[in-house]
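**Student:** what shape does this take:
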Amino acid sequence: LLSMIPTLLELLLEGRSIEHNDHLLRALSAWLTFLGPGGLHGIAVPTLQALTRLLAAVKGAGADYLHNLFECLALALKAACASPDGSAAADAIVLPVLGQMWEQQDD
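**Tutor:** Model (predicted):
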């Protein structure tokens, strides 16, 4: 499973599947849950980076897709923060995108 996560993220990021395919995100969420925070050896931060890029680029997605994306982000964030240097890296990755989303929200 660990070697398939980067491939799945590439499919999502490069749009080589159905647009806003929440089935892929559900699969990723199940894999991240199964592996747990300690099971993402060396790929927690890159996974978080890829999911954050996906979040920044998503436009017009449905509620299920966004829910699954945020669930994957939460699981990747938990895994990244489990490593010694991961917490600072996670802050640097996630906070700018969330700040942009906050500033761009409609009142």
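**Student:** list the contacts of the residue nearest in space to the middle of the chain.
**Tutor:** Centroid check for the chain by Cα atoms, centre = their mean gives Leu51 as the closest residue, at 2.8 Å. Counting by Cβ atoms under 8 Å, 6 or more residues apart in numbering, Leu51 makes contact with Leu9, Leu69, Cys72, Leu73, Ala76. From N, CA and C alone the C-beta is placed, and that goes for glycine too.
**Student:** now do stretch 24-35: distance to the chain's middle.
**Tutor:** The chain centroid and the centroid of stretch 24-35 are separated by 10 Å under Cα atoms, centre = their mean, to the nearest Å.
**Student:** hmm, who's touching that stretch?
**Tutor:** By Cβ under 8 Å, 6+ apart, stretch 24-35 touches 1-2, 4-5, 8-9, 11-12, 17, 40, 47, 65, 68-69, 71-72, 75-76, 79.
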